[in-house]
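# need the 3D shape of this:
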Amino acid sequence: MAEGVSLGELVQEMEINGDAMTAFVNRRTGEIYSATDEVLSRAEDGDDAELDWEIEIFEKVKEILGSPDWITAPNRSSHEDYRIMERFCIECCEHDLQDELLSAITGRGAFGRFKDIIHQNGLQDGWHEFRRRVLTEDAKSWLTVNEIPFVL
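I've put the predicted structure just below:
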């Protein structure tokens, strides 16, 4: 067994993976691998690579899908990202700014409005640190529940 999954790598995958990407963790080796949902779907259907550069990707995805060592990592949806934004507004902002942000994150375009207000108020670093901290907590919890060792 490897030392464990790199917590930092897993959090990084959780930060960039969204509705169109899925990450997997190998419980035995600690390896992390991500693939697009399109490739996963095609591999599950038994399709082969259509282009030369896809061959290695399809082989890896088929290995992952056929092995009990691999487990699907937590995936962030836009709904979960919204909840993180809401928590940031409540836990890290006060008074008029909190009201403005909470109002901004309702309805269509919430993510863009949130980003604009964060930038206007110089809160980008605080937001990114907060989001990363929440994702790290989620990753640690997931790894613990699935009895997968990790390293910092």
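
# how far does the helix or strand bottoming out on mean pLDDT in the chain sit from the chain's center?
Here the helix or strand of the chain ranked lowest by mean pLDDT, DSSP states H and E is helix 37-44, holding a mean of 83. Offset of helix 37-44 from its chain centre (C-alpha atoms, centre = their mean, to the nearest Å): 19 Å.

# tell me what that helix is packed against?
Helices and strands touching helix 37-44, by 3 or more C-beta pairs under 8 Å, 6 or more residues apart in numbering; DSSP states H and E, are strand 21-26, helix 55-65. The C-beta positions use only the backbone N, C-alpha and C, and glycine is treated the same way.

# give me the helices and strands touching the first one, please.
Just to be clear, that refers to strand 21-26. helix 7-16, strand 32-36, helix 37-44, strand 70-72.

# would you mind finding the most buried of the helices and strands packed on helix 37-44?
strand 21-26 (a mean of 21; mean count of other C-beta atoms under 10 Å).

# sheet-wise, list the partners of that one with their directions.
strand 32-36 (antiparallel), strand 70-72 (antiparallel) (DSSP bridges).

# by how many degrees do that strand and helix 37-44 diverge?
Here strand 21-26 points in a direction 60 degrees away from that of helix 37-44 (axes from the mean of the first three to the mean of the last three C-alpha atoms, to 10 degrees).

# okay, now the residue nearest to residue 124 when sequence neighbours are not counted: neighbour count?
In space, and not counting its chain neighbours, residue 124 is closest to residue 118: 5.6 Å by C-beta to C-beta, 6 or more residues apart in numbering. Neighbours of residue 118 under the rule other C-beta atoms under 10 Å: 21.
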